[in-house]
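S.K.: mind looking at a prediction? Sequence and model below.
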Number of protein chains: 2
Amino acid sequence: MKRTIDVTELALRDAHQSLLATRMALEDMVPACADIDRAGYWSVECWGGATFDACIRFLNEDPWERLRTFRRLLPNSRLQMLLRGQNLLGYRHYQDMVVDRFVDKAAENGMDVFRVFDALNDIRNLQRAITAVRRTGKHAQGTICYTVSPLHTVEGFVNMAERLVELGCDSICLKDMAALLKPQPAYDIVRGIKERCGAGVRVHVHTHATTGVTLVSLMKAIEAGADCVDTAISSLSLGPGHNPTESLVEMLEGTGFEARLDKDCLRRVRDHFASVRPRYAEFMSNIHGVDTDIFDSQIPGGMISNMESQLKQQNAAHRLKEVLIEVPRVREDAGFPPLVTPSSQIVGTQAVFNVMMGRYKAMSGEFADLMLGYYGQAPGARDPEVVALAERQGGKQPIDCRPADLLQPEWQSLRESTLALPGSDGSDEDVLTHAMFPQVAPKFFASRAEGPKNLGKTAPPAAPGSAPGPSANAAAAAPLHATVSYDVTLNGRSHRVSVTPVG
Amino acid sequence: MKRTIDVTELALRDAHQSLLATRMALEDMVPACADIDRAGYWSVECWGGATFDACIRFLNEDPWERLRTFRRLLPNSRLQMLLRGQNLLGYRHYQDMVVDRFVDKAAENGMDVFRVFDALNDIRNLQRAITAVRRTGKHAQGTICYTVSPLHTVEGFVNMAERLVELGCDSICLKDMAALLKPQPAYDIVRGIKERCGAGVRVHVHTHATTGVTLVSLMKAIEAGADCVDTAISSLSLGPGHNPTESLVEMLEGTGFEARLDKDCLRRVRDHFASVRPRYAEFMSNIHGVDTDIFDSQIPGGMISNMESQLKQQNAAHRLKEVLIEVPRVREDAGFPPLVTPSSQIVGTQAVFNVMMGRYKAMSGEFADLMLGYYGQAPGARDPEVVALAERQGGKQPIDCRPADLLQPEWQSLRESTLALPGSDGSDEDVLTHAMFPQVAPKFFASRAEGPKNLGKTAPPAAPGSAPGPSANAAAAAPLHATVSYDVTLNGRSHRVSVTPVG
């Protein structure tokens, strides 16, 4: 008897977030939904902070309507979302009633599985959201953000899993957002959770492909007892994205495990996104192949490019190396937080400040908040001298409590300010949209009636994927309709081909 | 105590053969040699049929001089080559004395490890070369070409390994040229070999990355006892190439195995080839990401594009599907040969003939030879009716003997015809070059004095992995000789195509 390995398909959320800057329009996903729905996935991840943000910021698309559309088009699938705990889909802590309201409305609009995480792994920041999900009867998945530091141990992650189970989570997710999870710790952590919490506790494993080792990590996690793994259809996979769904299926052949997915459905889903992807060429990640430097620097690729652009703005691009050395020191001072949104940006920016102006001569407000506990509790002790500086520079006291405990009820005022916005429809969904994205929502409400934009369509119809070199400038002058002969190199073989422009 | 896993670096041979159409010039490899030499590899693969061919066909470079250069620049490394058994580096069988002479000269010029294979896994075609290698005192590695068919079993591969050991091979290579080797068979075959032949028999595993699963297969092969695995430095890895060396190193961390490679050396090797690769953009493979269709069709990607272009030449591109269905039938008729050079081309071309003209109404000379045993013995029985047709169409009798047994001594005549060529220097090396590439060598000898060409230098200066942007429509108008890359979606699959206008 083979053990069935469940699969969560990431194509509709994290895959295009990681590869296409979250720009994919709903209408480019719709044609794949029937096959996704029939393929046999355990769940379909389709909603989260960045997709919500991109909907209203770039696509003039109502993310709640997107959710309802998925619900309609994926009637047999569990819909899954990624929820930033007390931050919901936004960047600050919300008062508990707002958290409750958000979860209620998400469930009501069709969400089934809530994967809840906190950037600092501070369980207090997960608690309210998990309780809210449980009250709706939906699936509450407690998440461990995987990271590497002198303080992070297999034992520590297993302890966190145990606490999440005690909170009443329906399953545990080991979330490796930076592709740092190697095969042996993947095995040890999953096995540790199963031994400590019981074989019946579902363990899901989420990894990115960036470092090239994580399909092996999924294999070892499966051998250790993992119940479900996250993958993305091959045409939206790899690089900073995820391992290919089809490779996972094939990998298990002949082993004691199987992913019971319908290969014909997978093929059609793949072909659909293979045809869609090139139209988003201008948003494509520039990371190809693998990057194993992350293991040593522990600095995710996206974070490095952020810091590079900050340095460039200050004509200090040549100081990147110093910054890369400073990042781990700042991280240590802050108590070794995992480097994931928003902690990665906060730590990275402070490292830039330290190099440019001297250590902690200037401090960002966010870094002061991080040092003072306003994001929650870091995994390790924070450096007391830096905390003292943060107190002075931030003009605030350090806190020990759960950050949201300091918040006053805010639903009523959020509601009122939303209702005042032109184009707001007065729904709780609109209030939540506005609460989470106060800068972006007003403009979106005002333009919503114009309907969604497809940024893919406005991209050039061909030559996607990094065409190197001078083709662009070059291209200025050929007469239309002229037939041109080319030598075409395909698989290293040269063919003579004649091309006549159409129309 | 961790077990050390040896690594063969493929950057200098198979990696650029698989990714850059074998076009890399020696001068683009030279700067990496010092770091490769110090990194701690078990061996450095640097020579083979395609690199030899490309040297004289495209690069005006003497492949023997290339070998001597590697010997000089890699004084601490085992140099490794891929040898097509009785075919040497060419496309026909050579008489035994030519085989002996080739091996002697390769050893004399610096080769250490000879990986010897035959496309049909016919051991008789390996025997002479292996004996010759042993006589030189160098390392003879007997190779099993991995393939999938109803006839190919773990037991069968293990039997072949046993026979190779009996021949006196110093090690066994399990060679997966089409990325078909899944984790479980990788484990089973390696373990089977170790159990049957003894733990002391070295097992090397060579895989390609095309299907996305083979790093997992390497992990399982290692768990089963494999001694050495083949990888390529990350900047020359993945796609139709190989798994990244750095990912292998990281994958093993914390397990009972370790690859003792120097990470700083690897980083410099990587950086070097990352800077070189974009200059060969026009030769780049169009396969990105993974292709798992190969598992079902068992038709390697390169073979499909060959057949596509054959069909196009006959205005029959729309019949590709029929051809893809015909390929496995032809392969079965031929006794299930592995599909690798030259059997893949022979079977593919015959499938095209069958679809276009009716089954076996026409037969290529090569296919007739294959059916009649002139390439050696296929793994399974050949279809007797098709053999009879081959006899009629080929005007030859089927043979059972080792093909090279039919050959007369030829060294003297090869030597004389070579000496007659302008520019030939009269060396045995030149005789061998001419023997293996009789069409190409004369032109090369005549132009050799002009020195090597670097095709990379003439390619556009890069923008590697950069966002493509609106170059596309534009490209119609590119100036002459500019090379442009497109992603072309064909049958739902995306292909990277490089286009160079012709005069």
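M.R.: Structure received. Numbers count the residues shown, from 1 in each chain, chains lettered A, B, ... in the order given.
S.K.: quick one: the strands in chain A?
M.R.: Remark: strands assigned in chain A by DSSP state E are A:3-4, A:6-9, A:43-47, A:79-83, A:113-116, A:139-145, A:171-176, A:202-207, A:228-231, A:257-258, A:484-490, A:493-499.
S.K.: mind putting the ones you listed into JSON lines with distance to A:E162?
M.R.: (Glycine included, C-beta is placed from N, CA and C.) Shown next, in JSON lines, are the strands of chain A (distance: least, Cβ to Cβ, whole Å):
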{"stretch": "strand A:3-4", "distance to A:E162": "23"}
{"stretch": "strand A:6-9", "distance to A:E162": "22"}
{"stretch": "strand A:43-47", "distance to A:E162": "24"}
{"stretch": "strand A:79-83", "distance to A:E162": "21"}
{"stretch": "strand A:113-116", "distance to A:E162": "16"}
{"stretch": "strand A:139-145", "distance to A:E162": "10"}
{"stretch": "strand A:171-176", "distance to A:E162": "9"}
{"stretch": "strand A:202-207", "distance to A:E162": "12"}
{"stretch": "strand A:228-231", "distance to A:E162": "19"}
{"stretch": "strand A:257-258", "distance to A:E162": "25"}
{"stretch": "strand A:484-490", "distance to A:E162": "55"}
{"stretch": "strand A:493-499", "distance to A:E162": "58"}
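S.K.: format the ones you listed as TSV; extra columns: mean neighbour count.
M.R.: Formatted as TSV, the strands of chain A follow (neighbours: other Cβ atoms under 10 Å in any protein chain shown):
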stretch	mean neighbour count
strand A:3-4	14
strand A:6-9	24
strand A:43-47	26
strand A:79-83	25
strand A:113-116	25
strand A:139-145	26
strand A:171-176	25
strand A:202-207	26
strand A:228-231	27
strand A:257-258	16
strand A:484-490	19
strand A:493-499	13
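S.K.: of all those, which one comes closest to chain B?
M.R.: Across the strands of chain A, chain B has its closest neighbour in strand A:484-490 (4.5 Å, Cβ to the nearest Cβ).
S.K.: once you drop chain neighbours, what's closest to A:F114?
M.R.: A:V133 (4.5 Å; Cβ to Cβ, 6 or more residues apart in numbering or on different chains).
S.K.: A:R68: neighbour count?
M.R.: A:R68 has 15 neighbours, counted by other Cβ atoms under 10 Å in any protein chain shown.
S.K.: show me what contacts it?
M.R.: A:N109, A:G110 (Cβ atoms under 8 Å, 6 or more residues apart in numbering or on different chains).
S.K.: coming back round to it: report pLDDT for the residue nearest to A:F114.
M.R.: Looking at A:V133, its pLDDT reads 98.
S.K.: how close does it get to chain B?
M.R.: From A:V133 across to chain B, the span is 34 Å (Cβ to the nearest Cβ, to the nearest Å).
S.K.: ok, A:E162 touching A:C197?
M.R.: Yes. Between A:E162 and A:C197 there is a contact under Cβ atoms under 8 Å: 5.8 Å.
S.K.: between the two, tell me which one has more neighbours.
M.R.: A:C197 (19 against 16).
S.K.: leaving out the residues flanking it, which one is nearest to the more buried one?
M.R.: That would be A:V165: by Cβ to Cβ, 6+ apart, it lies 4.9 Å from A:C197.
S.K.: next up, the contacts around the one you found.
M.R.: Counted by Cβ under 8 Å, 6+ apart, A:V165 has contacts A:G142, A:I172, A:C197, A:V201.
S.K.: against A:A226, how distant is it?
M.R.: Applying Cβ to Cβ, to the nearest Å, the value for A:V165 to A:A226 is 15 Å.
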